[in-house]
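# Pasting a predicted model and its sequence here:
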Amino acid sequence: MTAVSESGAASESGAASESSQPAASQTAPGPGHPAGSWAVESTRLTKRFHRQVAVDSVDLAVPCGSIYGFLGPNGSGKTTTIRLLLGLIRPTAGTHRLLGQPMPAAAARVLPRVGALVDGPAFHPYLSGRANLLRLDAGDRAADPRTAHRRVDEALDRVGLLTAATKRYRAYSLGMRQRLALAATLLAPRELLILDEPTNGLDPQGTREVRALIKRLAAEGATVLLSTHLLSEVEQLCTHVGVMHLGRLVAQAPLAELRAGAVPRAHVDTDRPAAAAEVLRGLGLTDVRTHDAAATGVLGSVAPEKVVAELVHRGVAVRGFTVAAPELEELFVSLTGEGFDVSG
Ligand SMILES: Nc1ncnc2c1ncn2[C@@H]1O[C@H](COP(=O)(O)OP(=O)(O)OP(=O)(O)O)[C@@H](O)[C@H]1O
């Protein structure tokens, strides 16, 4: 796991630097992409609102080809970071690049290759979903009007709204509105999708559909950066994760690396947790804890069978014994001191 440094004064220059590299990341690029190829990279990106630091010296490194879960509780700075990345607000300090190009200098070249869902586009309530997309497309000078109808219907089809294409927007459910917003990002081919809480407010079916769509888009080659407060979303969808807490990026790593680095913990079900804990400590297990009818500890190099034998030898009745790596939730809680919503 890459823990991002606590210190580091942010550069006062808002100008993009050609040589900037993410300062603290061991994140590997996705398959099929050359080493060091980042779809999003930021260096000490910082945003202050008056005296409040909403984004604090963030070094993001999103590998090309990844689905990067930008995870954090409400108010941790995800949306502000995404707005900074898209050039919707100016950083107080720091620099960033999208698709290898410095922002905001290369915005006109880069942003057409980036699909973004943040705040949602303004849709007209009395127009149908299709008419709304046609209107948006007509406002895009880079879009070819001759192919508009085909592209709009393809985008509607991809988000499962083709059958509701003629319905007025105001009659759409929240889930349908969200999917229409996603469709709007898909009117042109995109190499990078930046999605702020794309499943927020969706019912379970809508959530499944949007997640399947994101997986499909990634399989077709798009890099996806999605913000979420749902750990389960990261576990189901993402190849990489960055964890935000109070405006800081406190961890950033491939998910597989996080899982592999999780140290196994022994869990003893017993009606004598205090006695069991003593045995665990005596054997050299660390971080030993007792619960109502259980004791747990980090195994380290101690063999599980040795633990069971010693418990039995000391007369501690063992009702159950398991060895498991901590859930990701435990890891993140240890980083942020806060729980994550694991529903959905
Ligand atoms: N325009 C603004 N003016 C003042 N403070 C702001 C502004 N935008 C965001 N903030 C503050 O910055 C902090 C980070 O907010 P942000 O919306 O980026 O968090 P978030 O992780 O996206 O949370 P959420 O999921 O609730 O949107 C919050 O404390 C918020 O109140």
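Looks like it arrived, so ask away.
# Name the residues of this protein found near the ligand, please.
49, 52, 54, 72, 74-80, 229 (CB under 6 Å from any ligand atom). In this view, the C-beta of every residue, glycine as well, is placed from N, C-alpha and C.
# Inside helices: which ones of those residues?
Residues from these lying in helices, with DSSP state H as the criterion: 78-80.
# neighbour-wise, which of those residues leads?
K78 (24 neighbours; other CB atoms under 10 Å).
# isn't that one right up against D196?
Yes. Counting by CB atoms under 8 Å, K78 does reach D196; the two are 7.1 Å apart.
# Check the average confidence over stretch 48-57, would you?
For stretch 48-57, mean pLDDT rounds to 93.
# could you point out where the stretch 1-150 of the chain is predicted with low confidence?
Applying pLDDT under 70 to the stretch 1-150 of the chain flags the ranges 1-36.
# all strands for it, in order.
Ranges of strands in the stretch 1-150 of the chain, per DSSP state E, counting those that start in this stretch, are 38-49, 52-58, 61-63, 67-71, 93-98, 101-103, 114-117.
# Contacts for the second one, please.
Pointing back at strand 52-58 there. Under the criterion CB atoms under 8 Å, 6 or more residues apart in numbering, residues 4, 8-10, 42, 44-48, 77, 80-81, 84, 91, 93-94, 244, 246-249 lie in contact with strand 52-58.
# And that strand, what's buried?
Within strand 52-58, the residues that count as buried by 16 or more other CB atoms under 10 Å are 53-58.
# With the third one instead?
Taking 16+ other CB under 10 Å as the basis for neighbour counts, the residues of strand 61-63 that come out buried are 61-63.
# so R208 is in which element?
Element membership for R208 (DSSP states H and E) is helix 204-219.
# Which of the residues in that helix are classified as buried?
The neighbour-count check on helix 204-219 (16+ other CB under 10 Å) flags 206-207, 209-211, 213-214, 217-218 as buried.
# what's the overlap in contacts for K78 and D196?
S227.
# okay if I get the ones in helices among the residues of the chain next to the ligand as a markdown table plus distance to D137?
Compiled in a markdown table, these are given as follows (distance: CB to CB, whole Å):
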| residue | distance to D137 |
| --- | --- |
| K78 | 28 |
| T79 | 26 |
| T80 | 29 |
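# Name the nearest of these relative to V234.
Minimum separation from V234 among those (CB to CB) is found for K78, which lies at 12.4 Å.
# Can you tell me the closest non-neighbouring residue to that closest one?
Once flanking residues are discounted, K78 sits nearest to S227: 4.0 Å by CB to CB, 6 or more residues apart in numbering.
# Find the residue closest to T207 in space, skipping its chain neighbours.
With sequence-adjacent residues excluded and distances taken as CB to CB, 6+ apart, T207 is closest to T199, at 4.5 Å.
# quick check: domain ranges of this structure?
Domain assignment for the chain, taken from automatic domain parsing, gives 38-260, 263-324.
# Of these, which stretch is the most buried?
The highest mean neighbour count among the domains of the chain, using mean count of other CB atoms under 10 Å, belongs to domain 38-260: a mean of 19.
# Now do the end-to-end distance for that domain.
Start and end residues of domain 38-260 are separated by 23 Å (CA to CA, to the nearest Å).
# can you give me the offset of it from its chain's centre?
Distance of domain 38-260 from the chain centroid (CA atoms, centre = their mean, to the nearest Å) equals 11 Å.
# still on that earlier bit, dump the residue contacts of the residue nearest to K78.
By CB under 8 Å, 6+ apart, S227 lies in contact with 70-72, 78-79, 81-82, 195-197.
# And for L328?
If you count contacts by CB under 8 Å, 6+ apart, L328 has them with 231, 234-235, 255, 258-259, 262.
# need the helices for the stretch 151-300 of the chain, in chain order.
For the stretch 151-300 of the chain, the helices defined by DSSP state H, counting those that start in this stretch cover 174-185, 204-219, 231-237, 255-261, 273-283.
# May I see the contacts of L328 arranged in JSON lines, with pLDDT as well?
Listed next are the contacts of L328 as JSON lines, based on pLDDT from 0 to 100:
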{"residue": "L231", "pLDDT": "86"}
{"residue": "V234", "pLDDT": "91"}
{"residue": "E235", "pLDDT": "88"}
{"residue": "L255", "pLDDT": "89"}
{"residue": "L258", "pLDDT": "80"}
{"residue": "R259", "pLDDT": "76"}
{"residue": "A262", "pLDDT": "72"}
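# wait, which of those residues is closest to L161?
Once CB to CB is applied, the member of these that ends up nearest L161 is V234, at 25.9 Å.
# Surely the closest one and G69 touch.
Yes. Look at V234 against G69 with CB under 8 Å: they come within range, at 3.6 Å.
# quick one: common contacting residues for these two?
228, 241, 255.
# any idea which of these is the one closest to P189?
T228 (24.4 Å).
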